[in-house]
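Trainee: I need the structure of the sequence given here:
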Amino acid sequence: MRNIKYLLVAFVLFVCSHAAFAQTSVSSYFLDGAFHNNRLNPAMKAERGFFSLMMGNMGIRTKSNFGISDILYPRGNELTTFMSGDVSADEFLGRMPDAATLGFNFDESLLSFGFRAFGGYATFDLSLHSSMSISLPKGLFEFAKRGFQKNVYDVAGINFNTMNYASASLGYSYEVYKGLRVGANLKYLMGLAHANLTVDKLRMEMNDEHWLVESHAQAQAGLFCESKATLDENGVIDGIEFGNMAPSASGFAVDLGVVYDMNEFVPGLTLSASVLDLGFINWKHMMKGQSTDAKVEFDGFGTVDPDNMDATVEDEFEKLGEDAEKLMDFAYNGTESMKTNMNTTMYLGAEYNMPFYKPLSVAVLYGHCFAPIESNRWYDVRGFVNISPLKWLEASVNFGYSTYGANLGWMLNIHPAGFSFFIGSDHMITKVTPQFIPVDDFSAHLTLGVNIPLGKRK
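Mentor: Prediction:
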């Protein structure tokens, strides 16, 4: 194994087969019967105690700012790709964002429960989290489309990132003044796997006589235990060596929230705010590497032996392939302790209960993620209509706009005595191909959960 892609295989497989990071569905934010809203705002309390094991809060989410409609174009009665001569470069590139991003998220709560205690409401949650995202600059798509129409392409900003960790959270909320409730979640974090690959230089120079490709990339990778990279005879990373299997990546985070029922001043109005995941994970054995600044040059084939043409051409292509492979050779920069900050998120909400029918309310919610990795940052603003026609039945519909485009969300929550089930989505797919592939973007979301209510409503 000669290049960094083998170093990342373990992380990619982990992401695809385990839980991945995604915040609790915002479509439940204004539903009083939802048991996991303290993960969105720790000042919120459920209407009664609850218990859940494995199935309490699950969700799968994809995010992107481009879709199949940016890749495939209708021409007559057929579809053609952006590479077709029938699709102009200006049309294709005009649709693509400056950085095409794609992320996959899935969230799983392994064990959680909540109960009234000391005049307030206490919660515990044990969860797995993980995130994966990739960002590709528009210049890469321009190179694919225009090719030799330009002689030089400078492409930078390619990024792949994944973060995997487990958390144990203790939460408590308390009414400190009439209508004013505050809360906090204190979290212990155990890092499982983290990797980040950034291509900060990719220059391609091409003309009829000469090709030149130069690149430079940096990578970091950390695991839950002591580990270091192994090297081949050329000093290039070719694998991972494990040491002490005791956990060596840990950290802490805190969530803070406030809810203010302004019924005394504006009947029916409730304001709320929260800041989530203020914290970090410290990886004691973060492996670091950078590319060896190799470059690929091609000036055409050398002298070709007409009596052995096939062998000569094969040798030339083999040499070109070996040079290209060196672009992904990574030199080892050692192992060191490194701190990674969490994806801190802020929410601001306002809800107004209709005076003519109290179970009906309208609301607005603004969210903003201040992630250290640019491709993981986002904003989201939504308007809500919520209704609870029965004590054990409530629903919410919302519509808004975010970094990833327009969003249509909904939530249905059924919570009679002894049983609770919810299902919903923050991003409904409204237009798909006959193969059920989203057209406008690759964003989608589905969440569901089963919980056991405990005690009486209050």
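
Trainee: going forward, measure contacts between C-alpha atoms and count neighbours the same way
Mentor: Fine.

Trainee: what about residue 26, neighbour count?
Mentor: Applying other CA atoms under 10 Å, we find 22 residues neighbouring residue 26.

Trainee: so what's it up against?
Mentor: The neighbours of residue 26, taking CA atoms under 8 Å, 6 or more residues apart in numbering as the test, are 40, 426.

Trainee: also residue 376?
Mentor: Shown in contact with residue 376 (CA under 8 Å, 6+ apart): 133, 343, 369.

Trainee: among those, pick out the one closest to residue 188, please.
Mentor: Of all the contacts of residue 376, residue 188 sits closest to residue 343, with 15.2 Å by CA to CA.

Trainee: correct me, but the closest one touches residue 275?
Mentor: No. Applying CA atoms under 8 Å, one finds residue 343 not in contact with residue 275, separated by 10.6 Å.

Trainee: between these two, which is the more surrounded one?
Mentor: Higher neighbour count among residue 343 and residue 275: residue 275, with 22 against 17, using other CA under 10 Å.

Trainee: so the more buried one: helix, strand or coil?
Mentor: Following DSSP: H, G, I helix; E, B strand; the rest coil, residue 275 is assigned to strand.

Trainee: in strands only, show me the contacts of residue 376.
Mentor: Of the positions in the contacts of residue 376, 133, 369 sit in strands, assigned by DSSP state E.

Trainee: turn the contacts of residue 376 into JSON lines, columns for distance to residue 206 and pLDDT.
Mentor: Supplementary listing: these in JSON lines, determined by distance: CA to CA, whole Å; pLDDT from 0 to 100:
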{"residue": "133", "distance to residue 206": "31", "pLDDT": "88"}
{"residue": "343", "distance to residue 206": "40", "pLDDT": "90"}
{"residue": "369", "distance to residue 206": "40", "pLDDT": "93"}
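
Trainee: could the contacts of residue 376 be laid out in JSON lines, adding distance to residue 205?
Mentor: What follows is the contacts of residue 376, written out as JSON lines (distance: CA to CA, whole Å):
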{"residue": "133", "distance to residue 205": "29"}
{"residue": "343", "distance to residue 205": "38"}
{"residue": "369", "distance to residue 205": "38"}
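
Trainee: tell me the one of the contacts of residue 376 nearest residue 40?
Mentor: Nearest member of these to residue 40, counting by CA to CA, is residue 369, at 12.5 Å.

Trainee: now do the shared contacts for residue 343 and residue 275.
Mentor: By CA under 8 Å, 6+ apart, no residue touches both residue 343 and residue 275.

Trainee: any stretches of the stretch 301-450 of the chain with poor pLDDT?
Mentor: Residues of the stretch 301-450 of the chain that meet the criterion pLDDT under 70 lie in 301-328, 432-439.

Trainee: same thing but 90
Mentor: 301-338, 371-377, 403-407, 417-418, 427-446 (pLDDT under 90).

Trainee: got it, and the stretch 51-200 of the chain?
Mentor: Counting by pLDDT under 90, the ranges of the stretch 51-200 of the chain that qualify are 54-108, 128-133, 138-158, 161-164, 192-195, 197-200.
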